[in-house]
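> coords please:
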Amino acid sequence: MTDYADRPFYVQLALPVRGYDIDFAHIVSNIVYVRWLEDLRTAMLDQYFPLDQQVANNYVPVVMSTHIEYKKPIAMFDQPIGHMWIKSFEKVKWINEAAIVVGSTVVARATQTGVFVRLDSKRPIPLPAELRRRFEEHGRAAGGES
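Presented below is the predicted three-dimensional model:
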């Protein structure tokens, strides 16, 4: 397993498997992974760029796409851990990556692409300067790799 902690805007969460998460095959349903990605993304925002500050500035992040690669099933008593970080910031869009791990095995990988939109117009805006600055600082601190 890779150590993800040095990645920009990194967060980690325990992802509890609930009885209602299990499908007819007795494994975690695919839709649960999307909820877990939202939990991870919310934790990342809480830690690095709180949503209330964004709303006060009249913009919010919006997910445009989610891609999940399911590598191994997760069962009822597994104890998955989710890891998420920002892969890249472009002029307008952002891409985050995630890994869901059980023990030392990566059981799923995901990417999400999104933009920030103005609340009043619902139109995309350039990446907030504060986020870009913090991302670039991380890259310099990591020797240019982010």
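
> doesn't Lys87 make contact with Thr111?
Yes. Thr111 lies in contact with Lys87 (C-beta atoms under 8 Å); the separation is 7.0 Å. In this view, the C-beta of every residue, glycine as well, is placed from N, C-alpha and C.

> got any residues that touch both of the two?
Common contacts of Thr111 and Lys87 (C-beta atoms under 8 Å, 6 or more residues apart in numbering): 95-97.

> just give me the longest helix of this structure.
helix 30-48 (DSSP state H).

> what's the very next helix or strand once past it packed up against?
Sequence order places helix 51-56 as the next helix or strand after helix 30-48, per DSSP states H and E. For helix 51-56, the packing partners by 3 or more C-beta pairs under 8 Å, 6 or more residues apart in numbering; DSSP states H and E come out as helix 30-48, strand 59-70.

> quick one on the thing from earlier: with respect to Pro80, which of the shared contacts of Thr111 and Lys87 is nearest?
Of all the shared contacts of Thr111 and Lys87, Glu97 has the smallest distance to Pro80: 16.2 Å, by C-beta to C-beta.
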